[in-house]
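Visitor: sequence and predicted structure, then a few things I'm wondering about:
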Amino acid sequence: MDIGPYSFQEFKDKAAAFHGYPAPGLLIGGYMVELARRGLPEGTLFEAVVETPKCLPDAVQILTPCTVGNGWMRVLNLGRYAVALYDKHTGAGFRVWLDVDKMAAYGEISSWFLKLKKKADQDTDRLFAEIEAAGESICSIAPVQMIDRARKHKGMGRVALCPICTEPYPAPDGAICRGCQGEAPYLCAPVATSGTEPILAAVPVDQAVGGKALHDMTRIVPGESKGVEFRAGQTLTGGDVCRLQHMGRQHVYLEQDAPGGFVHENEAALAFAALMAGDNVLFDDAPREGKINFRAAVTGVLDLDRERLEAFNLVPDVMAASRHHGVLAEAGKGLAGVRAIPLYLSAENFRKAQAVLAGGPLFRVIPLKPAKVGVLVTGSEVFQGLIEDKFAPIIREKVERLGSSVVAEVIVPDDAGRIASAVGELLGHGADLIITTAGLSVDPDDVTRKGLVAAGLSDMLYGAPLLPGAMTLLGRIGQARVMGVPACALFHKATSLDILLPRVLAGVELTRRDLARMAEGGFCLNCRSCTYPKCPFGK
């Protein structure tokens, strides 16, 4: 049976020339492609989607104008031996696949396709004969309509120069190219290291008097202390010789022996720190042991560029570590540190690291803005005085600890209309943050959300991957932000409220993706003695 304009033997020869050998999958693929193409009206400008990277894409490229290079064929590895050809403009087309039931009459094809025989045991001549005899009869075909998303061609977009390898790459891939992110499938040949490491001369301690220390030298007393005993640039005196020897040092390195063409650890750390520190972030002006620490200038939420922090750490011989993105950073408290790992950083790696940081600061602290909080307690049992309200004191303590104030508290029954009215009352008191409590579960009697919607709730995010506190709510009513706190806040010291409240007070606009990223670390261990925030919860 012919395959398009070719006899079976002619197509087999073309397959061997194109593919390297006449693979059975490619020969069957020829019949599949022609069956799909016959379903399209004559003259249709079409594209192809192939659901396996094995053999079938080559049949498309031999028989049609669609190739990987011109973008008219896409290989979407769904693990199925199938191909779809469709109208480029309308998305209407036909999908063809190998039908196991139909190939049952052809024993050698079935054994080959279902891997029932080892390759060495296959009868190749019989397999080719069955493929020619079966033709397209072992295939099934069905009409398809491609979804819009699948039909769109993604352009490469903006091109950037990778600061690590200096080669061009698509900017949307990140701060550095995907190869330098670790996705390259090869190891480069070793590069000559001559001249990439400084040659330093050690001076006996008793001959170092009057010289200046090249680097910080640490004194360690096991179980007691560890600290800098001699600082870089410090002039060594005769009295220092004994101390150095007691530290186990028989030789030292002096400033006058500093090599050219390299960057000292202190100089590198200062240069990196100046580029990394953003708004409300301070750093030490004097490195210690080649390291500089950052601290918050104000109390707020730490915002870090995770992607470029990772890219920086992919540069050889440098490192930076920080607290988690989104945590509450208290004024004066540490939040990150940076250093060059060797005593001397090569000029090349120094340049690469600076190039990664050229896009702007890595760390900033978004200050908390004092909010006027209106607390809306919902629950008929609380409204009727059957049980004491314990929610409002908890909310008050948490917001006041973060510098905000409660302007009003209202208790309403489980009634959507009363809840909506209470929202208006709180707004009348000047509340710019409304925190509602309870009534957020799946219980049909819980109508807090309905009441908030009736009051004009918009931009609602309901539910977050945080335990305890999954049934949390975020949104807006007019200019006021809204937080819904589930009942678990009555029983747990730390819940989603503690994680989200600082971000809300800092004015951070949270999206569903932001919440989704909180899943890792969003599981509280419910320790008998809670130490939050000094624990992994929310980090």
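Guide: Yep, that arrived. It should be emphasised that the depicted structure is a prediction, and the values quoted were computed from it without experimental measurement. Numbers count the residues shown, from 1 in each chain.

Visitor: show me the contacts for residue 82.
Guide: By C-beta atoms under 8 Å, 6 or more residues apart in numbering, the contact list for residue 82 reads 32, 50-52, 95-98. Just so you know, the C-beta spots here come from the backbone N, C-alpha and C atoms, and that holds for glycine as well.

Visitor: show me those that map onto strands.
Guide: Among these, the residues falling in strands (DSSP state E) are 50, 95-98.

Visitor: ok, of those, which come out buried?
Guide: Listed as buried from those are 50, 95-98; burial here means 16 or more other C-beta atoms under 10 Å.

Visitor: nearest to residue 438, of those residues?
Guide: The closest of those to residue 438 turns out to be residue 95 (C-beta to C-beta; 51.6 Å).

Visitor: the closest one and residue 81 touch, don't they?
Guide: No - at 11.5 Å, residue 95 and residue 81 do not qualify as touching, with contact defined as C-beta atoms under 8 Å.

Visitor: among the buried ones among the ones in strands among the contacts of residue 82, which one lies nearest to residue 527?
Guide: residue 50 (52.8 Å).

Visitor: list the contacts of that closest one.
Guide: Neighbour list for residue 50: 56-57, 60, 73-76, 82-83 [criterion: C-beta under 8 Å, 6+ apart].

Visitor: about what we covered before: going by distance to residue 519, which of the ones in strands among the contacts of residue 82 wins?
Guide: Residue 519 has its nearest neighbour among the ones in strands among the contacts of residue 82 in residue 50, at 34.3 Å by C-beta to C-beta.

Visitor: quickly note the distance from that closest one to residue 34.
Guide: 15 Å (C-beta to C-beta, to the nearest Å).

Visitor: go on, residue 15?
Guide: Separation of residue 15 from residue 34 (C-beta to C-beta): 14 Å.

Visitor: can you pull the contacts of the residue nearest to residue 341 when sequence neighbours are not counted?
Guide: Leaving out its chain neighbours, the residue that sits closest to residue 341 by C-beta to C-beta, 6 or more residues apart in numbering is residue 317, at 4.9 Å. Going by C-beta under 8 Å, 6+ apart, residue 317 touches 340-342, 345-346, 349.

Visitor: separation between residue 317 and residue 216?
Guide: Computed as C-beta to C-beta, the residue 317 to residue 216 distance reads 18 Å.

Visitor: could you do residue 391 as well?
Guide: Residue 391 is 53 Å from residue 216, by C-beta to C-beta.

Visitor: what about those two, which has more around it?
Guide: Using other C-beta atoms under 10 Å as the criterion, residue 391 and residue 216 rank with residue 391 on top: 24 against 21.

Visitor: which stretches in the stretch 301-450 of the chain count as helices?
Guide: Assigned helices in the stretch 301-450 of the chain, in chain order: 306-313, 347-357, 380-383, 391-401, 416-428, 448-454 (criterion: DSSP state H, counting those that start in this stretch).

Visitor: hmm, residue 488 is touching residue 498, no?
Guide: No - assessed by C-beta under 8 Å, residue 488 is found out of contact with residue 498, at 11.5 Å.

Visitor: mind checking how far stretch 393-412 is from the chain centre?
Guide: Centroid separation between stretch 393-412 and its chain, computed with C-alpha atoms, centre = their mean, to the nearest Å, is 35 Å.

Visitor: just the terminal-to-terminal distance for that stretch.
Guide: The straight-line separation of the ends of stretch 393-412 (C-alpha to C-alpha, to the nearest Å) is 16 Å.

Visitor: mind listing what's buried along it?
Guide: Under the neighbour-count criterion of 16+ other C-beta under 10 Å, stretch 393-412 has 394-396, 398-399, 402, 404, 406-412 buried.

Visitor: report the secondary structure state of the closest residue to residue 512 other than its chain neighbours.
Guide: What sits nearest to residue 512 in space, not counting adjacent residues and going by C-beta to C-beta, 6+ apart, is residue 461, at 6.1 Å. Using DSSP: H, G, I helix; E, B strand; the rest coil, the structure places residue 461 in strand.

Visitor: test my guess that residue 461 contacts residue 516.
Guide: No - the pair residue 461 / residue 516 is not scored as a contact, 10.5 Å apart, by C-beta under 8 Å.

Visitor: ok, those two, which is more surrounded?
Guide: For the pair residue 461 and residue 516, the greater number of neighbours falls to residue 461 (16 against 12), based on other C-beta under 10 Å.

Visitor: in the sheet, who's paired with the more buried one?
Guide: With DSSP bridges as the criterion, residue 461 is bridged to residue 474.

Visitor: got a pLDDT number for it?
Guide: Listed pLDDT for residue 461 reads 94.

Visitor: the longest helix in the protein is where?
Guide: What stands out as the longest helix in the chain, according to DSSP state H, is helix 24-38.

Visitor: what stretches of the stretch 201-350 of the chain score poorly on pLDDT?
Guide: Within the stretch 201-350 of the chain, the ranges that satisfy pLDDT under 70 run 201, 256-259.

Visitor: direction included, what does the one helix or strand in the chain whose mean pLDDT sits lowest pair against?
Guide: Counting by mean pLDDT, DSSP states H and E, the chain has its least confident helix or strand at strand 225-230, which shows a mean of 75. Applying DSSP bridges, strand 225-230 is found paired with strand 217-221 (antiparallel).
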